[in-house]
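*Asks:* Quick check, what structure comes out for this input:
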Amino acid sequence: MKKVTKATIAAVAAGALLLGGAGTIARWQAQQTIDAGTVETGHLNLTTSGTGTWQDVSNPAAPEPFDPTTQQIVPGDVVAFSQTATIDAEGKNIAGSLSVDQAATNLGALEGYATVELQVDASAPGITEEADGTLTFAEPGTYTVPFLITITFNEGGVGDTPPSTYDQPLDLEALTLTLDQVRA
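*Replies:* The predicted model follows:
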């Protein structure tokens, strides 16, 4: 019996090898290369031109020049920096959202007393500003967009602004204008 059992085990093992590991079951396969052409990505670039100009717009009806290197602001002042950005947009369904990174603005001791805001002149030809602030472009191309960064030193009430806000720098050297692509 032992020889019969051993022979049976050997036969089963040999059959398993033939079916599982050593042999293959033929299946037909065909391949065809297709020419789908090339898909290319677009781009979204943002540049600024010139040095920009500062104005004291505390009285909107009578703006005055402002020189941040020689003049200081006090509670109630509003100063604005204006410049022009160029948007170069290429791609189907392209749109963008322009913002200023307030986190990169070091308000220091003026935190809570001063604000930095961005206004975009969306009346530039080919540009539309949606209700959510997104800028859409009439079509891919190059667009010139004037923008204004406004710094407001909140006036507050008498005695509301503490002496810790005296002689404080408002560091705008790392101020970043960002254009994020969004889906149109």
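*Asks:* All the strands of the chain, in order from the start?
*Replies:* 43-56, 64-65, 78-90, 94-101, 114-120, 127-129, 134-137, 141-153, 176-183 (DSSP state E).
*Asks:* between those strands, which gets nearest to residue 166?
*Replies:* strand 141-153 (11.9 Å; Cβ to Cβ). Any C-beta I mention is one placed from the backbone N, CA and C, and that applies to glycine too.
*Asks:* Now do the closest one, average pLDDT.
*Replies:* Strand 141-153 shows a mean pLDDT of 90.
*Asks:* what lines up beside that strand in the sheet?
*Replies:* strand 78-90 (antiparallel), strand 114-120 (antiparallel) (DSSP bridges).
*Asks:* any idea how far the closest residue in space to residue 167 that isn't next to it in sequence lies from residue 172?
*Replies:* In space, and not counting its chain neighbours, residue 167 is closest to residue 72: 7.9 Å by Cβ to Cβ, 6 or more residues apart in numbering. Distance of residue 72 to residue 172, computed by Cβ to Cβ, to the nearest Å: 14 Å.
*Asks:* what about those two, which has more around it?
*Replies:* Under the criterion of other Cβ atoms under 10 Å, the comparison of residue 72 against residue 172 puts residue 172 first, with 15 against 12.
*Asks:* That one: what's it in contact with?
*Replies:* 81, 105, 116, 149, 151 (Cβ atoms under 8 Å, 6 or more residues apart in numbering).
*Asks:* Which per-residue confidence value corresponds to the third one?
*Replies:* pLDDT recorded at residue 116 is 86.
*Asks:* ok, what's across the strand from residue 55?
*Replies:* In beta-bridge terms (that is, DSSP bridges), residue 55 pairs with residue 65, residue 80.
*Asks:* if we can go back for a sec, want to try CSV for the strands paired with strand 141-153, with mean neighbour count as columns?
*Replies:* Putting these into CSV (neighbours: other Cβ atoms under 10 Å) gives the following:
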stretch, mean neighbour count
strand 78-90, 18
strand 114-120, 17
